[in-house]
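Undergrad: The following comprises the amino acid sequence and a computationally predicted model.
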Amino acid sequence: REMKPQPPLELTDIFIAVKTTGRFHKTRLALLLETWISKTKDHTYIFTDSPDEDVSSEGFNIVVTDCPPEHSHQALSCKMAAEYDHFMASDKKWLCHVDDDNYLNPGALLSLLEAFPVDSDIYVGKPSLDRPMRAQEMLEGNKTRDVHFWFATGGAGFCLSRKLAEKMAPWASGPRFEQTSAVIMLPDDCTVGFIVERRLGISMVHSNMFHSHLENLLLLVPSDIPKQVRFFSGGCYILLNFDKIHCLLYPTTSWCPVALKS
Ligand code: UDP
Ligand code: MN
């Protein structure tokens, strides 16, 4: 029997969810819109907590959630729930989450994801610790039990295949994501790991193609930059690094220095 040929994965098959908050629209989001989101505009969705006419009038997909503008577990899980529900309602094949202080390299992301078998259960990202997370799962009758699981640090970005996302629905759809987050009393990224590894028994794929702000961007040699999926640029040299990376990847961008264009 012939296998049905699958069309190759395209960048536009990836639902890119960016988590932000009103007070970071001007300081962080604006920079992303100028750089990598300009390359992925149609399939990038910005999840925030306050409307922004400047952003929506430019045609970017902005999703204004009812989530509180706070850094609490509950507020962050509320945004992750919105990302999940919007992805499920879309026709995209992958959900990739990034924070608003991430530089995403779309070409590298596509190369990473297209290497996975079609229709497989994939949760890929960078583990935030060098060992599994330990948590207390709340059980009925005020009991708890120890649980161990790997999770991908949200600050480095992670992706879920549609097949796996569908299986997560009993713990992730609608109000359930926040409820699951409350069961382990941990934030959004840990909750994703808990659902995948403990509720579904599926192991996270550990990737060294995602980077978090715990690492020093300066350790990356320029020739490696085109291969990396996502960068963090913490501190006040953020803007400089973002521009440099973007101009390395897209040297013909109008505002890139001429010297880089050759
Ligand atoms: N964030 C949010 N609401 C807040 C504060 C932060 O949605 O009140 C988002 C922020 O836009 C970012 C992520 O949460 O995408 C992580 O925030 P940040 O980078 O400031 O902190 P970190 O957890 O990385 O130290
Ligand atoms: Mn951060």
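TA: Received, thanks. Numbering: from 1, shown residues only. Ligands and ions are numbered 1, 2, ... in the order given.

Undergrad: quick one, phi psi at the spatially most central residue of the chain?
TA: Nearest residue to the geometric centre of the chain (Cα atoms, centre = their mean): residue 97, 1.6 Å. Phi and psi for residue 97, reported as degrees, to the nearest 10, are phi -100, psi 140.

Undergrad: so who does the nearest residue to residue 35 once chain neighbours are set aside touch?
TA: Leaving aside its chain neighbours, residue 35 sits nearest to residue 246 (4.3 Å; criterion: Cβ to Cβ, 6 or more residues apart in numbering). Every C-beta, even on glycine, is put in place using the N, C-alpha and C of the backbone. Applying Cβ atoms under 8 Å, 6 or more residues apart in numbering, we find residue 246 in contact with 35, 36, 103, 253, 256.

Undergrad: Does residue 246 lie in a helix or a strand, and which?
TA: Assigned by DSSP states H and E, residue 246 falls within helix 238-249.

Undergrad: And for residue 137?
TA: Going by DSSP H and E, residue 137 is in strand 133-138.

Undergrad: and the residue nearest to the centre of the chain, what is it in contact with?
TA: Taking Cβ under 8 Å, 6+ apart, one finds 17, 19, 80, 83, 154, 157, 158, 159 in contact with residue 97.

Undergrad: Most neighbours among the residues you listed, which one?
TA: residue 157 (30 neighbours; other Cβ atoms under 10 Å).

Undergrad: any idea how far that residue lies from residue 138?
TA: Separation of residue 157 from residue 138 (Cβ to Cβ, to the nearest Å): 29 Å.

Undergrad: if we can go back for a sec, farthest-separated two in the contacts of residue 97?
TA: 19 and 159 (14.3 Å; Cβ to Cβ).

Undergrad: Across the sheet, point out what pairs with the residue nearest to the centre of the chain.
TA: residue 17, residue 158 (DSSP bridges).

Undergrad: per-residue confidence for it?
TA: Listed pLDDT for residue 97 reads 96.

Undergrad: Return the residues of this structure in contact with ligand 2.
TA: 101, 155 (Cβ under 5 Å from the ion).

Undergrad: so where's the chain shaky on pLDDT?
TA: 1-3, 212-241, 259-262 (pLDDT under 70).

Undergrad: all helices for the chain, in order.
TA: With DSSP state H, the ranges of helices along the chain come out as 30-34, 53-56, 73-88, 106-114, 162-172, 176-184, 188-193, 238-249.

Undergrad: Can you say which of the ones you listed is nearest to residue 47?
TA: Using Cβ to Cβ, the helices of the chain put helix 73-88 closest to residue 47, at 5.0 Å.

Undergrad: Just the buried residues of that closest one, please?
TA: For helix 73-88, burial by neighbour count (16 or more other Cβ atoms under 10 Å) applies to 73, 75-88.
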